[in-house]
Every structure is written in structure tokens, then in C-alpha cells.
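Chemist: After the sequence you'll find the predicted model.
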Amino acid sequence: MTVILKLGGSVITDKQRPETLDEEHLARAAAAIADYDGELVLVHGGGSFGHHHASEHGISSEAGSHDVAGAFAVHDAMRRLNDAVLAALQERDVPALPVHPLSAAARDGDGELSLSTPVETILSEGFVPTIQADVIAHTGAGVTVVSGDELVVELAEQLDAERVGLCAGVPGVFDEEGQVIDHIESFATVQAALGGSDATDVTGGMAAKIRALLDMDTPASVFGLDGLEGFLDGDSPGTRVG
Ligand SMILES: Nc1ncnc2c1ncn2[C@@H]1O[C@H](COP(=O)(O)OP(=O)(O)OP(=O)(O)O)[C@@H](O)[C@H]1O
Ligand SMILES: C=C(C)CCOP(=O)(O)O
């Protein structure tokens with residue numbers, strides 16, 4: 001059965017500084033992934049590569065743009081981040097190959113995402129598909145951002161995944177007192193504690209993440225880097241969602 005893991009941009013980059021990797025975190029994540037023995041699909045977010053350029057060019061999940069320079073600036077930065085993630089993985093003998101949504105996904109006029117990737121074949125041939133958040137064509141709007149969280153949800157459905165993990169820069173989802181919530185079953189019960197991101201972020205931070213995860217049937221967990229090994233061992237660190 002397939003496990004889907006998103007490496008949050010808040011983990012693998014320094015979200016406060018444009019186009020800055022968090023080399024140490026990326027190395028730790030890659031080492032944990034190298035120890036995993038099973039079918040794994042990786043997705044990664046934008047951090048200070050995607051969100052910075054998207055914000056500068058006024059592009060978000062909803063706000064589109066026909067400006068090719070802006071569209072390419074976001075895509076190109078995300079491709080550079082994807083290259084860095086692939087390099088860290090391949091260095092540790094993880095057979096990671098890239099998937100770029102700009103060439104594989106689109107939104108219709110209602111904003112509905114369609115994604116047609118060779119991920120299943122890449123997986124069945126023993127590789128680890130590594131998919132970046134990106135900009136994609138959006139009917140009537142030019143391009144909009146597709147977040148790593150949206151890609152995770154879509155892929156979980158397409159691949160009938162067993163489990164989904166979102167590794168973020170926080171140990172889990174905090175309640176209003178700052179304690180990590182063990183289990184979230186409905187948006188309404190936690191809404192008051194959920195905010196955006198504390199850095200530049202065009203896709204809605206934690207609130208959007210939890211909404212997206214509650215919308216799917218696959219069990220999910222949100223955890224920090226310290227929880228990654230446990231998640232890959234089959235535990236549910238941080239906050240279970242759904
Ligand atoms: N209740 C909450 N619990 C935990 N984090 C929260 C909460 N409300 C808001 N946040 C913010 O959500 C952020 C995590 O979401 P964010 O989208 O930045 O993570 P990410 O998915 O790792 O990054 P990226 O979108 O770049 O991939 C935290 O850094 C924090 O600022
Ligand atoms: C801005 C971009 C391209 C990234 C959006 O994806 P996220 O980091 O998963 O929210």
C-alpha cells in the first residue's frame with residue numbers, strides 16, 4: 001500500500017528568507033526517507049521558494065495571472081527547490097524522480113483540479129515520485145498555485161493511499177492554549193485555533209491544510225520533523241486528522 005508524505009516548505013526551507021534552503025532539515029528528512037522500505041510518494045511545498053515569488057506576482061490558489069514572467073518565476077523557483085530535494089534524496093540512494101504539475105495538471109473554470117501523472121508507473125518501477133507544489137493553467141484565470149496539500153489529497157484519492165503524512169514546521173496542530181491536538185474530526189471544533197502561516201504564504205497555512213485533509217477519506221497526520229521517523233514506522237505522531 002502507498003504512503004504519501006508531504007515535506008512542508010516550512011521544514012525544508014527557511015520561510016523567512018527568499019529562496020533559502022534549510023539544509024540541515026532537508027538532510028534529516030532525506031535520511032529518514034532513505035531508511036523507509038515501502039511504496040512512497042513524496043510531495044513538497046513551496047516555502048521561501050514558491051510563496052515569495054507567488055506573493056510578489058500576486059498569484060495564489062484563487063488569484064490567477066496571465067503574466068508569463070510571474071508564472072515562470074514561481075515555476076522556476078519551485079523547480080530549483082525540487083532539484084535540491086532530489087539531490088538530497090539521491091545522495092542517500094533514494095531513487096527519487098521529479099514530477100512537475102505545470103505539465104500534468106490544470107484547473108477548470110470552477111477551479112476544480114485535474115491531475116494526470118505517470119506517478120503510478122513511476123512507483124511500480126521502483127522509483128520515488130517527488131512532486132512539487134507549482135503553478136498550473138487555470139481556465140479563464142491564466143495560472144494559479146496548486147499547493148502541496150491539494151496535490152496530496154488528489155493523489156491519495158487516485159492511488160487509494162493507505163496513509164498521508166504532512167511534515168510541517170510545527171509538532172502538530174495547536175489548540176488555543178498552544179497544546180498539540182491529538183485528533184481532529186471536524187473543522188468547526190478547531191477552527192478558532194487555526195490561522196494562516198506566520199511567514200509569507202499564499203495558500204492559507206494551517207487552516208487550509210486541515211480543511212483539505214478533512215475532505216478526504218485517507219487517514220492523515222500533521223507532525224514536525226521529530227515525528228517523521230515514527231510516521232514512516234507506522235505511528236501517528238503529532239495530530240491525526242479525519
Ligand atoms: N493552530 C495551529 N497549529 C499549528 N500551526 C499553525 C496553527 N495556526 C496557524 N499555524 C501556522 O501554520 C504554519 C504551518 O503551515 P504552513 O503552510 O506554513 O506549513 P507548510 O505546509 O510546511 O509550508 P508550505 O506551505 O511552504 O509547504 C505554522 O508555521 C504556523 O505558523
Ligand atoms: C506557492 C507555491 C508554488 C507553493 C504552494 O504550496 P504549499 O507550499 O504546499 O502551500
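Modeler: Ah, there it is. Residues are numbered from 1 along each chain as shown. Ligands and ions are numbered 1, 2, ... in the order given.
Chemist: Measure how far stretch 17-24 is from the centre of its chain, please.
Modeler: Stretch 17-24 sits 16 Å away from the centroid of its parent chain (CA atoms, centre = their mean, to the nearest Å).
Chemist: So which residues of this structure form helices?
Modeler: Taking DSSP state H, the helices of the chain run over residues 9-12, 23-34, 47-56, 68-91, 119-124, 148-159, 187-190, 205-214, 228-232.
Chemist: Next, format these as CSV and append distance to ligand 2 and mean neighbour count.
Modeler: Using the backbone N, CA and C atoms, a C-beta is placed for each residue, glycine as well. CSV is the format used below for these (distance: least, CB to the nearest ligand atom, whole Å; neighbours: other CB atoms under 10 Å):
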stretch, distance to ligand 2, mean neighbour count
helix 9-12, 4, 27
helix 23-34, 15, 18
helix 47-56, 3, 25
helix 68-91, 5, 18
helix 119-124, 17, 15
helix 148-159, 3, 23
helix 187-190, 18, 14
helix 205-214, 8, 21
helix 228-232, 17, 20
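Chemist: mind checking which of those helices is nearest residue 112?
Modeler: Closest to residue 112 of the helices of the chain, according to CB to CB: helix 148-159, at 10.4 Å.
Chemist: How about the contacts made by residue 174?
Modeler: Taking CB atoms under 8 Å, 6 or more residues apart in numbering, we find residue 174 in contact with 180-181, 193.
Chemist: any idea how far residue 233 is from the spatially most central residue of the chain?
Modeler: Nearest to the mean C-alpha position of the chain, counting by CA atoms, centre = their mean, stands residue 148 at 2.9 Å. Computed as CB to CB, to the nearest Å, the residue 148 to residue 233 distance reads 22 Å.
Chemist: Residue 80 now?
Modeler: With CB to CB as the criterion, residue 80 and residue 233 are 31 Å apart.
Chemist: Could you do residue 89 as well?
Modeler: Counting by CB to CB - residue 89 and residue 233 are separated by 19 Å.
Chemist: next one: residue 106
Modeler: The gap separating residue 106 from residue 233 is 37 Å, by CB to CB.
Chemist: of all the residues in this protein, which ones are close to ligand 1?
Modeler: Neighbours of ligand 1 within the chain, by CB under 6 Å from any ligand atom: 8-11, 45-47, 51, 148, 168-170, 173-174, 193-195, 197-198, 201, 203, 205-206.
Chemist: Mind doing that once more with 5 Å?
Modeler: For the chain, the residues in contact with ligand 1 (CB under 5 Å from any ligand atom) are 8-10, 45-47, 168-170, 173-174, 193-195, 197-198, 205-206.
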